[in-house]
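Enquirer: sequence? don't have it. structure:
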């Protein structure tokens, strides 16, 4: 097998000839950027062949000079028989500012998950049992006696005990004279026993809620006894190396070994977060005995190792959409192994369990006939419109910009992220706030929205997002045809490098906000409604808790409606998963909403592109749609 | 970690200090005899310390001269820090004649498992489905469409699909335009989908029946399409190195790593047999999609990795007795991984699923009021007595002698085994038949019974089993106080070593037959019946298909009743498992019998020992119990 040497580290790796170079580099644990999922479209996995030769497809993304220097796209290069030495340029590596790999606490106090007057009814709970001692010739096995004790507590349903738990019964029953604690998932027809401990362990009942996003993964630890959320953490999905958006990941997963790579990566991300969140609360992950996972349809497919290809191909049919209950052991999540992981149901290929979960945080379909809107802003934007009579839903692709992805100094809404900016109209110099009041490490999605809103209001960028080259400002650096806005100087920043926002960064945000606004206005059109018909607007999204609705309206991400209509939910997918963790009623409601939703495919609708193009400006080509913004511009610039 | 060198092979192995030497030797893959399960009782794991020192418990089984030579019991010796060299004498090794490790075909023609007028109703079967193509926005996932297709065929029950099968759905549905074959376990309330293939694969439907005995394991391959048994094989249970009987195994399993060792050993035995039986029929083991396992309670505990200790301790309570359905993957059986392995229900600690399975081959509780008896002769003897009104059952320990265990030249009823013997009254010289008409390799249980019966009738052994030292015979070799009977000379035998039966071998058979006869007569007494009340006697047993009822009566193993009362079934546990494999009705009948059986504990009954002692002679202390044998002796010796 040929040997590949990878510089700058000089790591050597033996692989079968014919292996794709990108796979070799990922196998070596190096986070080479493959934003397009290894399709040869983004040109980010640029590497240089130092010595030796490989078979590379020609690419229009490479200049003649790059080709002459030996640059190739790693995703389109195959190893031949001979040894080869490859240099991976720093620029192609993930470890730059783009995705800082950190696991960050979402700053939160333990919070109650159900109101004090609700009756708690967690679907999985622990029961303390006093199992009778074995008797000579009563014909009852240990399992029989355990089963009967459970039935006495939970009703005469069929009791199922998986083999690993059966293995513990004999010793558990005898350790404390029959006193045991059984963790029980109490279904309508059957009872599953998912863990067994000796003694009374009912005071320790923990669950985890998971939101599995394309860009970020979030895990929240919940105390099922007090019904309070204890702590939450988020991290970038390790799959990011294999494509920035859902389509890139699907493309990447076309080979079985790459599907397995993606599966292992997201499981690793989850396990890291589970460990971190448990460590912070001094809980052993093996004490976690309940779990709910919400995620978009593709992410759930990848988590479960299901081929996602048919999500991308017409007629866009996923393998599973209905919710399902699987064991942590089967999925690979390192908590109490027989724990049932309840997967939230999806409505369509691009409206997943994150949305049915997020809806649990809204009152979209309760009460009256007024029409409400739910928008979930993440790598994909998903919308649900409706009331108690109807529920319509659609999806659009926003890209990872709101989560810090594809932005030069972008980062998640973690500690050190700039999340609020104001720009001095005269000098153009920005002042900012960071999360945790630390030296700035980068800028998060809400920070970008805040910055763009203020740059626009103060006239430092034009409606197309171009920086003002006419007025002089210490904050604007012009290099050839490109201009950058300096948010923090090298001295002020945590890394010692300046924090800057480039015009391509701004374009990324414009494209993301246009996708969502366009989807929103087109969906209303489909049901012959207008923004004015909306009563409540629920805004969810994994990209931070700091979204400023006012600023989001200024850049044209959200429609210009009375501010009191807006309800910002934060990570509604994660919050909904927490609700499903502690309340059987919430799960039933989720199922009911899921059954009532109708899925609209917007991407095959030609009118969508018109709406999108119109929305690519600040706030919109048609400024009349944003009267309050027009007013604000007037007021700000007059000063 | 100290190094242990094992001679004669010189294998070196590093182990933590404190490790028991027996574990070191087993870890090295060497089959050292530990018939008592490592309790220090049998003295068979004798090894000699060549150099170095270890911590050994003193044993009364060692003579002063053995101690002086450095002999120790491996099961009672612990490794200290220093290196040590150990010599394993040939006599202590399993590879001698005692247990020949071979996987033998039970000579059989494919045979029908249900009568031609019965309606076939296998609980697991394949269904050919034509699943509709995916449609844009019909809201149905692949799993939804598959589920509906199955429900159309099997009725509107809940359909459960395990994750590994879900992973195959997308590609299987698209490989042949929706034409798939689903393997379905169709329960009363739920349907499990345990395998999915593209195209029509219904012509290939295979199942395996397993009988897991203490001494031997048997596997039969069944064609579920034609409902015929194709081939069967038996082998010694690999656990034999860790104890000859159930109690020794339980003792051996006291440490968790030894329990795991036993579990792995029986799983390995099964997998070897599955491979062999499949290879013989050119079936890929992964095409086996249905399985039934029957075994005694302890063997099932060890197979599933359940701590068996409480079976041995009062009040003798197993972890499970009721039958259960587990996946091949969870148990470790290498067939189609999600195949449901149905475990036969046990009635008590010593009346296991092998008995409820064996009863399926009898008409013990059908028809009229006449009382019938079922005897299963294996390492344990189990008895069931009853009719349509009542069913009583009990167990006794016979030891492995009938299966060739504990007999110097003993072997299973495999090719080359002497299975019939007749002894010339004058010369005492034996003529014999072997299975397959080969050169003899050893003697099997039925051969021993045949030999003893003839030696006794011809007066070459006395009622206590001692060889006649008064008359001279070329077949009898007297060495000091011990005498041996030569069945085959070195030239005549397959191994080049003579095949001999020693007086201790004969005593083993006497003890085994006495245990069974005593249990039988005591159980009848308990229900105030006598042998004369019995109508039919069903004799099952894993030790061969060649049991001669006449000879078994002569040695006093079976009561002296009209020969036409007897029905010899062979391996009834395996045959019953085959029936459960192909017939739902058989499974229901098994459950019904299981529920109706009452378990009697004989071992705590003081009268048992009296009965046993009386039965330790040929045919019995009270010859009047065996009038036809008395008659035969008279006739034979008169000649």
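Expert: Good, I have the coordinates. Bear in mind that the values here come from a model prediction, so they are computed numbers and not experimental data.
Enquirer: C-alpha only now, for contacts and for neighbours.
Expert: OK.
Enquirer: Low-confidence ranges, the stretch 251-400 of chain A, go.
Expert: Residue ranges of the stretch 251-400 of chain A with pLDDT under 70: none are present.
Enquirer: got it, and chain A?
Expert: Within chain A, the set of residues satisfying pLDDT under 70 comprises A:91-110, A:116-117, A:542-545, A:639.
Enquirer: So for it, the centremost residue is which one?
Expert: Centroid-nearest residue in chain A, with CA atoms, centre = their mean: residue A:213, separated by 2.0 Å.
Enquirer: ok now do residue A:77, which residues does it touch?
Expert: A:20-22, A:54-57 (CA atoms under 8 Å, 6 or more residues apart in numbering or on different chains).
Enquirer: Please disregard the earlier target; I meant residue A:206.
Expert: Taking CA under 8 Å, 6+ apart, one finds A:221-225, A:287-290 in contact with residue A:206.
Enquirer: can you do 10 Å?
Expert: Counting by CA atoms under 10 Å, 6 or more residues apart in numbering or on different chains, residue A:206 makes contact with A:124-126, A:221-230, A:278, A:283-291, A:581.
Enquirer: Could you list the buried residues of stretch A:268-279?
Expert: A:268-278 (16 or more other CA atoms under 10 Å in any protein chain shown).
Enquirer: just stretch A:228-243 next, same as before
Expert: Within stretch A:228-243, the residues that qualify as buried by neighbour count (16+ other CA under 10 Å) are A:228-243.
Enquirer: which SS class is residue A:12?
Expert: Following DSSP: H, G, I helix; E, B strand; the rest coil, residue A:12 is assigned to strand.
Enquirer: okay, now the nearest residue in space to it that is not next to it in sequence: neighbour count?
Expert: Leaving out its chain neighbours, the residue that sits closest to residue A:12 by CA to CA, 6 or more residues apart in numbering or on different chains is residue A:5, at 4.4 Å. By the criterion of other CA atoms under 10 Å in any protein chain shown, residue A:5 has 19 neighbours.
Enquirer: What strands flank the helix or strand where residue A:5 lies, and is each parallel or antiparallel?
Expert: Of the helices and strands defined by DSSP states H and E, residue A:5 is found in strand A:3-7. According to DSSP bridges, strand A:3-7 has the following sheet partners: strand A:11-14 (antiparallel), strand A:84-87 (parallel).
Enquirer: chain center to it, what's the gap?
Expert: 34 Å (CA atoms, centre = their mean, to the nearest Å).
Enquirer: contact partners of it?
Expert: Against strand A:3-7 from outside (CA under 10 Å, 6+ apart): A:10-17, A:21, A:24-25, A:28, A:30, A:47-52, A:79-89.
Enquirer: So how do I select the buried members of these in ChimeraX?
Expert: In ChimeraX, a selection of the buried entries from those looks like this (16+ other CA under 10 Å):
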select /A:15,17,21,24,25,30,47,48,49,50,79,80,83,84,85,86,87,88
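Enquirer: so the nearest residue to residue A:519 once chain neighbours are set aside bridges to which residues?
Expert: Leaving aside its sequence neighbours, residue A:519 sits nearest to residue A:396 (CA to CA, 6+ apart; 6.4 Å). For residue A:396, the beta-bridge partners are residue A:381 (DSSP bridges).
Enquirer: What of residue A:72?
Expert: Note on residue A:72: beta-bridge partners by DSSP bridges are residue A:47.
Enquirer: That one and residue A:20 touch, don't they?
Expert: No. Taking CA atoms under 10 Å as the definition, residue A:72 is not a contact partner of residue A:20, at 12.0 Å.
Enquirer: more neighbours, these two?
Expert: Shown here are residue A:72 and residue A:20; by other CA under 10 Å, residue A:72 has more neighbours (27 against 21).
Enquirer: OK, contacts around that one?
Expert: Shown in contact with residue A:72 (CA under 10 Å, 6+ apart): A:21, A:43, A:45-49, A:54-59, A:61-62, A:66, A:86.
Enquirer: cutoff 8 Å now
Expert: A:46-49, A:56, A:62.
Enquirer: what's the distance between it and residue A:54?
Expert: Applying CA to CA, to the nearest Å, the value for residue A:72 to residue A:54 is 9 Å.
Enquirer: my read: the residue nearest to residue A:519 touches residue A:516, true?
Expert: Yes. Under the criterion of CA atoms under 8 Å, residue A:396 makes contact with residue A:516 at 6.6 Å.
Enquirer: joint contacts of the two?
Expert: Taking CA under 8 Å, 6+ apart as the criterion, residue A:396 and residue A:516 both touch A:381-382.
Enquirer: Give me the more crowded residue out of those two.
Expert: residue A:516 (28 against 24).
Enquirer: Tell me, how many residues neighbour the closest residue to residue A:374 other than its chain neighbours?
Expert: Spatial nearest neighbour of residue A:374, excluding adjacent residues (CA to CA, 6+ apart): residue A:538 at 4.6 Å. Neighbour count of residue A:538, defined by other CA under 10 Å: 24.
Enquirer: cool, residue A:638 as well?
Expert: So residue A:638, with other CA under 10 Å, has 8 neighbours.
Enquirer: Bridged to the residue in the stretch 501-639 of chain A positioned nearest to chain B, which residues?
Expert: Taking CA to the nearest CA, chain B has its nearest neighbour within the stretch 501-639 of chain A at residue A:599, 7.1 Å off. For residue A:599, the beta-bridge partners under DSSP bridges are residue A:393.
Enquirer: Next: residue A:158.
Expert: Here residue A:158, judged by DSSP bridges, has bridge partners residue A:190.
Enquirer: you'd agree residue A:181 is in a strand?
Expert: Yes. Checked against three-state DSSP, residue A:181 lies within a strand.
Enquirer: Strands of the stretch 101-250 of chain A, residue ranges please.
Expert: Along the stretch 101-250 of chain A, the segments classed as strands by DSSP state E, counting those that start in this stretch run A:104-105, A:111-112, A:124-130, A:158-160, A:179-186, A:190-198, A:206-212, A:216-223, A:228-236.
Enquirer: Which stretch among the ones you listed is buried most, on average?
Expert: Among the strands of the stretch 101-250 of chain A, strand A:206-212 has the highest mean neighbour count (mean count of other CA atoms under 10 Å in any protein chain shown), at a mean of 30.
Enquirer: How much space separates the residue nearest to residue A:12 from residue A:48?
Expert: 12 Å.
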